[in-house]
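My questions are about this predicted structure, shown below with the sequence.
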Amino acid sequence: MQEPFEEEGRSWWSRLKERLFGPSEEEDDGGTVIRLHTRPAQRVHVLYARSMEDARRAADGLKAGHQQLVNFQYAEPRLRERVVDFLMGVVYALEGTVERVHEQVFLFAPANVQVEMTHVNDFDRET
């Protein structure tokens with residue numbers, strides 16, 4: 001004799017979960033396996049460039065697939081020029097992008113990251 005809590009070979013726990021949460025993520029009503037593909041969160045590393053060692057760390061982050069937001073606020077002009085040139089070369093080799101966010105702030109991104117810049121004035125036009 002079938003248990004009163006079992007229906008068509010399913011346990012009461014399976015039926016309760018389905019009622020509360022809907023069909024399982026692993027199987028739909030037909031028993032087909034469903035796989036959900038999610039994008040991993042993109043990391044943005046913020047760096048205050050003070051030396052060429054900071055540039056190397058940013059380059060290593062780019063090679064690892066992470067965006068680098070580099071602030072040159074505390075960098076001497078000559079160092080800033082060297083670091084920007086170096087990181088632009090890294091981004092070029094990785095087929096990435098560079099965006100100037102502010103006068104002394106740049107966003108360097110590898111190819112696997114799509115950067116879309118929206119300016120504050122653009123928000124006014126959308127509303």
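Cool, got the structure.

OK, contacts around V105?
L69, V70, N71, F72, Q73 (C-beta atoms under 8 Å, 6 or more residues apart in numbering). Glycine gets a C-beta too; all of them are placed from N, C-alpha and C.

And those residues, which of them are buried?
With burial judged by 16 or more other C-beta atoms under 10 Å, the buried subset of these is L69, V70, N71, F72.

Would you mind putting the residues you listed into a markdown table with secondary structure and pLDDT alongside?
Formatted as a markdown table, the buried ones among the contacts of V105 follow (DSSP: H, G, I helix; E, B strand; the rest coil; pLDDT from 0 to 100):
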| residue | secondary structure | pLDDT |
| --- | --- | --- |
| L69 | strand | 92 |
| V70 | strand | 94 |
| N71 | strand | 94 |
| F72 | coil | 94 |
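
Just name the closest of those residues to M88, please.
V70 (11.1 Å; C-beta to C-beta).

partner residues bridging the closest one?
V70 forms beta bridges with L47, F106, as assigned by DSSP bridges.

correct me, but it touches F86?
No: between V70 and F86 there is no contact under C-beta atoms under 8 Å: 10.7 Å.

Can you pull out the low-pLDDT segments for this protein?
1-42, 114-127 (pLDDT under 70).

for it, what spans make up the strands?
44-48, 67-71, 97-102, 105-109 (DSSP state E).

Isn't P110 up against D60?
No: in terms of C-beta under 8 Å, P110 does not count as a neighbour of D60; the distance is 11.5 Å.
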